[in-house]
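*Asks:* structure of the sequence below:
(one chain, ligands or ions: 2)
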Amino acid sequence: MPKAIIAPSILSADFARLAEETRAVDAAGGDWIHLDVMDGHFVPNITFGPPVVKALRPHSRKFFDVHLMIAPADPYLAAFAEAGADGITVHVEAGPHSHRSLQTIRGLGKRAGIALNPGTPAAMVEPLLDLVDMVLVMTVNPGFGGQSFIGSALETVARVKAMCAGRAIDIQVDGGVDADTVGRAAAAGANVFVAGNAVFKDGPDRYAERIAAIRAGA
Ligand code: DX5
Ligand code: ZN
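*Replies:* Ligands and ions are numbered 1, 2, ... in the order given. Below you'll find the predicted structure:
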């Protein structure tokens, strides 16, 4: 079985100390750094854009996993790539031209991901599988950290896993992932686990312990 990838989401970090927080989850054993970009339009919350990704880039060499919860996404893809994203994920619900977005991301030399909200059927991404390196199945409705895991999304994970048979495509889950829920997500077929609240909730002294507990449960 491939090694689980744990991706702490800095959405749950102290935004006044984002560089330190990024260094801290890197040092605590996070495999990727997950960066949640929200526009107050596609999702009901606003976070940050390319300048913040760029400012954090010198603070970690780990894979910068940029999750775009924005519509439209296309006008900003190059800016996120230049800011230091290693992978860029767009939502299939964010616009009518996912194909174009994914081709653009790959054209920029980055890993391309496609994300599905919990209410979106797995079949929506089937025609796109030749263009993606990762499918992100949301296990909460995107917009906020600290929400409860939506178990029914695991059926989507299992369907995506079956669709991806024989292809080198990562399957990521994001939302409500903790040491308890991660095992069910892994059993359904996920191998990349985003965790915000479960990593950050008790402060920096416990980041390593929290990441290790999620890894142990996967
Ligand atoms: C939700 C974001 C997530 C969020 C997860 O809209 O995409 O990445 O940070 O946070 P937790 O792990 O707290 O549910
Ligand atoms: Zn996310």
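
*Asks:* list the residues that contact V92.
*Replies:* By C-beta atoms under 8 Å, 6 or more residues apart in numbering, the contact set of V92 is 98, 114-116, 120, 124-125, 128. All C-beta spots, glycine's among them, are computed from the backbone N, C-alpha and C.

*Asks:* next helix or strand past the helix or strand harbouring A198?
*Replies:* Under the criterion of DSSP states H and E, A198 resides in helix 197-200. Counting by DSSP H and E, the next helix or strand C-terminal to helix 197-200 is helix 207-217.

*Asks:* show residues contacting that following helix.
*Replies:* Contacts of helix 207-217 (C-beta under 8 Å, 6+ apart): 4, 6, 8, 24-25, 27-30, 177-180, 182-183, 186, 193, 195, 198-202.

*Asks:* re the thing from before, model confidence over the helix holding A198, on average?
*Replies:* The average of the pLDDT scores along helix 197-200 is 98.

*Asks:* can you check stretch 203-218 too?
*Replies:* Rounded mean pLDDT across stretch 203-218 is 98.

*Asks:* buried stuff in it?
*Replies:* 204, 207-208, 210-211, 213-215, 217-218 (16 or more other C-beta atoms under 10 Å).

*Asks:* need the max-distance pair from those.
*Replies:* Using C-beta to C-beta, these reach their maximum pairwise distance at P204 and A218, which is 22.3 Å.
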